[in-house]
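Colleague: After the sequence you'll find the predicted model.
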Amino acid sequence: MREKTFERRGFLEGFYGRPWTDAQRRDMIALLAAKGMNVYAYAAKDDPYHRDEWEKLYPPEALAQLGSLAAFCKGKGVDFMYCTAPGLSFEYDNQEHYRLLRAKVEQVMALGVTSFGLFFDDIPKDRQSPEDHAKVANVLYKAYPNISLTVCPMVYHGKGDEDYIKRLGRALPKKVDIFWTGRNICSQEFTIEEAKRFRKNTKHKPLYWDNYPVNDAEMYHEMHLGPIVNREAGLYKHSRGILFNAMEYFECSKLPLLTCADYLRDPENYDPEWSWTQALNALFGQDALRMIPLAEQCRTSCLRTSVGPQMMEALESAAMAYRAGELLKALGLLSNYFDRMEDCRAFLAESGHPMIPELAKWVKKYNLCCEIFELALMQMTGNPVREELKAKMETYSDSATVLTEFGFRVFVETALGVGA
């Protein structure tokens with residue numbers, strides 16, 4: 001009987017931005033291997049040997065580091081997938097390019113690597129033929145039948161019935177996996193129905209490239225610290241697995257990726273909020289509760305999870321009391337939450353936790369949030385600070401850095417209306 005979990009459970013270093021250091025990769029691999037992940041895909045977009053200069057062999061020092069990392073993965077029971085992305089400049093009728101690609105694969109194979117990714121994502125329109133992409137993959141598959149090969153197609157998201165992906169899938173051997181990001185580049189959900197459609201059209205089960213928690217490109221001002229949600233419990237029966245794309249922010253990636261590991265290991269019993277709390281405890285220990293007021297505000301993403309749920313609960317409860325004419329009760333609820341905010345603020349200032357420097361611009365906006373909250377309380381208790389409160393709220397709203405917005409803004413507007 002098949003175990004009730006995904007066959008391929010892992011993460012990618014596949015973001016645009018500064019690649020992780022060797023020490024960071026080992027740290028993350030060890031952390032997530034202990035939680036049941038079994039694949040690490042090396043696909044750092046800004047490693048020139050991966051993409052821009054794919055045709056060049058690694059120099060000795062870089063090659064030795066890559067080999068050491070592959071050996072480290074093996075020791076942790078993790079499949080090291082080396083990915084190359086020749087699509088920007090590969091000429092499909094140029095035999096020299098095939099020779100260069102084979103030389104690159106053979107150089108990495110000599111390190112003991114047997115798992116490879118071949119990427120055609122994010123390339124010019126004149127290089128987007130599914131037959132050409134299948135041709136390159138088939139050349140590698142035929143030349144090296146003992147390797148595990150995964151193709152990242154040019155069309156890597158959609159309904160799964162697009163002409164390109166149908167033609168590509170049917171031209172690839174069944175043992176070659178195909179990356180798929182779901183309905184969108186960053187998909188709100190993965191469903192069994194969509195996985196079945198993909199398989200019907202391509203003759204392959206999807207290997208999901210999940211663009212969570214990555215926050216590059218247009219998501220640069222978001223910090224994705226929330227748990228993974230909206231991936232169906234039974235998806236493991238209809239896919240080859242899921243690899244989650246990490247953020248450039250290495251330490252911050254740990255929090256969401258720990259929840260991803262929980263989902264992959266036991267999808268039928270996964271509880272996102274429990275998992276998120278456990279991940280916070282694992283990373284912050286006895287200080288986990290102090291971190292929540294900021295961490296819960298960093299949950300805006302394609303997943304559309306609730307942002308600042310504890311803050312919203314406090315604000316909504318206070319609003320109900322205020323509307324009922326229970327001003328003292330409302331102020332008490334707000335003051336209690338503000339104490340937690342200030343304790344978090346103190347923790348951020350005094351803590352030496354390695355995640356805090358990565359959160360610098362979110363911490364800056366959070367500190368402004370605390371100042372605004374205090375001014376709103378002052379305004380509501382008869383200490384008029386309306387102009388200062390309005391000015392700080394304008395600064396808060398003008399900041400591109402994403403934290404709690406709507407519910408917090410309603411609270412401030414209510415405060416501004418007191419005594420008007």
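Modeller: Yep, that arrived.

Colleague: wait, isn't residue 309 in contact with residue 296?
Modeller: Yes: counting by Cβ atoms under 8 Å, residue 296 is a contact partner of residue 309 at 6.1 Å. Bear in mind the C-beta positions are built from the backbone N, C-alpha and C, glycine included.

Colleague: which one of those two has more residues nearby?
Modeller: Per other Cβ atoms under 10 Å, whichever of residue 309 and residue 296 has more neighbours is residue 296, with 22 against 16.

Colleague: Which pLDDT value belongs to the more buried one?
Modeller: Residue 296 is assigned 95 on the pLDDT scale.

Colleague: contacting residues for the closest residue to it other than its chain neighbours?
Modeller: Closest residue to residue 296 apart from its sequence neighbours, by Cβ to Cβ, 6 or more residues apart in numbering: residue 308 at 5.2 Å. With contact set as Cβ atoms under 8 Å, 6 or more residues apart in numbering, residue 308 has these partners: 296-297, 299, 403-404, 407-408.

Colleague: so residue 259, which of the three states?
Modeller: The local conformation at residue 259, judged by DSSP: H, G, I helix; E, B strand; the rest coil, is helix.

Colleague: element containing residue 367?
Modeller: If you go by DSSP states H and E, residue 367 is part of helix 360-380.

Colleague: Ok, residue 117 next?
Modeller: Per DSSP H and E: strand 115-119 holds residue 117.

Colleague: then the host helix or strand of residue 341 to PDB, C-alphas only?
Modeller: Using DSSP H and E, residue 341 falls within helix 327-350. Provided in PDB are the C-alpha atoms of helix 327-350 (Å, rounded to 0.1, in the frame of the first residue of the first chain):
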ATOM      1  CA  LEU A 327     -15.800  52.600  25.800                       C
ATOM      2  CA  LEU A 328     -13.800  51.400  28.800                       C
ATOM      3  CA  LYS A 329     -14.100  47.800  27.700                       C
ATOM      4  CA  ALA A 330     -13.000  48.800  24.200                       C
ATOM      5  CA  LEU A 331     -10.000  50.700  25.500                       C
ATOM      6  CA  GLY A 332      -9.100  47.800  27.700                       C
ATOM      7  CA  LEU A 333      -9.000  45.400  24.700                       C
ATOM      8  CA  LEU A 334      -7.000  47.800  22.600                       C
ATOM      9  CA  SER A 335      -4.500  48.500  25.500                       C
ATOM     10  CA  ASN A 336      -4.000  44.800  26.100                       C
ATOM     11  CA  TYR A 337      -3.100  44.200  22.400                       C
ATOM     12  CA  PHE A 338      -0.900  47.300  22.300                       C
ATOM     13  CA  ASP A 339       1.100  45.900  25.200                       C
ATOM     14  CA  ARG A 340       1.800  42.800  23.100                       C
ATOM     15  CA  MET A 341       2.800  45.000  20.200                       C
ATOM     16  CA  GLU A 342       5.200  47.000  22.300                       C
ATOM     17  CA  ASP A 343       6.700  43.700  23.700                       C
ATOM     18  CA  CYS A 344       7.200  42.500  20.200                       C
ATOM     19  CA  ARG A 345       8.800  45.900  19.300                       C
ATOM     20  CA  ALA A 346      11.200  45.500  22.300                       C
ATOM     21  CA  PHE A 347      12.100  42.000  21.200                       C
ATOM     22  CA  LEU A 348      12.900  43.100  17.700                       C
ATOM     23  CA  ALA A 349      15.200  45.800  19.000                       C
ATOM     24  CA  GLU A 350      17.000  43.600  21.500                       C
END
